[in-house]
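>>> show me how the following folds:
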Amino acid sequence: MPKRGKKYKEAAALFDRETQFDTDAAIETVLKAAHAKFDETVEVHVRLGVDGRHADQQVRGAIVLPNGTGKSKKVLVFAKGPKEAEALEAGADYVGADELAQKIQSQNWFDFDVVVATPDMMGVVGRLGKILGPKGLMPNPKSGTVTMDVAKAIADIKAGKVEYRLDKTNIIHSPIGKVSFGKEKLEENFAALIDAIIKAKPSAAKGQYLRSVTLASTMGPGVKINPLKLV
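This is a model prediction of the structure:
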């Protein structure tokens, strides 16, 4: 276990760590327990009753949170010709083709948060799979980042789109905003994300789908939500 500081211990002492709260009480508790000097991000961690090693039990998608994430994302777009111009006009931070792929490969350049590509560029992007894949940056049609409509993809990302996908332990981790958002906006974002995850339930999933749901700010302790009240 990592060594916890005094402020973390004080925050953790504000509530019973084993209690499963309703959503509004959980968000209130997270806000009370946030103690850092910066505007902490509030994250949700959802353990699902699926086995992501099986293709028919994968859970993956993307959603534009109603109130955004509170963080502006840098977007890199792989496109050529008219689509390159469209991406620049839509506010992409970087647009290009082979030269950008080369920069990532040779300079280990990662000054971006999301990668979007037109389908015809996937030959170039595919060569970066081993570099982008482990960082969760590989464009994917399911999350709307492989598309001909680059303008919409960029607009959604800039508006606060988050991708959700299972990690190796069948948990989804996603930000739902900042502590400064306050309870109401965080509740709206949380509800939108949970709704999307429930709708993405694979037909092959059996038994309880939402196994555990935990909310936490960047530096704060995790607060459990009763998963049975969310379905």
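>>> just the strands in this structure please.
Under the criterion DSSP state E, the chain contains strands at 20-21, 41-48, 60-64, 75-78, 94-96, 114-117, 161-165, 171-178, 210-217, 223-225.
>>> CSV for these, including mean neighbour count and distance to residue 155?
For glycine as for every other residue, the C-beta is placed from the backbone atoms N, C-alpha and C. Listed next are those as CSV, based on neighbours: other C-beta atoms under 10 Å; distance: least, C-beta to C-beta, whole Å:
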stretch, mean neighbour count, distance to residue 155
strand 20-21, 18, 35
strand 41-48, 21, 22
strand 60-64, 18, 9
strand 75-78, 26, 10
strand 94-96, 20, 15
strand 114-117, 26, 11
strand 161-165, 20, 9
strand 171-178, 20, 19
strand 210-217, 20, 28
strand 223-225, 23, 31
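>>> any chance of those in TSV, plus distance to residue 10?
Below are those laid out as TSV (distance: least, C-beta to C-beta, whole Å):
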stretch	distance to residue 10
strand 20-21	19
strand 41-48	19
strand 60-64	34
strand 75-78	39
strand 94-96	43
strand 114-117	36
strand 161-165	30
strand 171-178	21
strand 210-217	14
strand 223-225	15
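>>> would JSON lines of these with distance to residue 146 and mean pLDDT be doable?
Formatted as JSON lines, those follow (distance: least, C-beta to C-beta, whole Å; pLDDT from 0 to 100):
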{"stretch": "strand 20-21", "distance to residue 146": "39", "mean pLDDT": "94"}
{"stretch": "strand 41-48", "distance to residue 146": "24", "mean pLDDT": "97"}
{"stretch": "strand 60-64", "distance to residue 146": "12", "mean pLDDT": "91"}
{"stretch": "strand 75-78", "distance to residue 146": "10", "mean pLDDT": "97"}
{"stretch": "strand 94-96", "distance to residue 146": "15", "mean pLDDT": "96"}
{"stretch": "strand 114-117", "distance to residue 146": "6", "mean pLDDT": "96"}
{"stretch": "strand 161-165", "distance to residue 146": "13", "mean pLDDT": "91"}
{"stretch": "strand 171-178", "distance to residue 146": "20", "mean pLDDT": "96"}
{"stretch": "strand 210-217", "distance to residue 146": "29", "mean pLDDT": "96"}
{"stretch": "strand 223-225", "distance to residue 146": "33", "mean pLDDT": "95"}
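>>> for residue 149, which of those strands is the nearest?
Between residue 149 and those, the shortest separation by C-beta to C-beta is 9.8 Å, and it involves strand 114-117.
>>> send over that closest one as PDB, restricted to the C-alpha atoms.
Extracted in PDB, the C-alpha atoms of strand 114-117 (Å, rounded to 0.1, in the frame of the first residue of the first chain):
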ATOM      1  CA  VAL A 114      -6.500  12.000 -28.600                       C
ATOM      2  CA  VAL A 115      -5.800  10.700 -32.100                       C
ATOM      3  CA  VAL A 116      -8.400  10.900 -34.900                       C
ATOM      4  CA  ALA A 117      -7.800   9.300 -38.400                       C
END
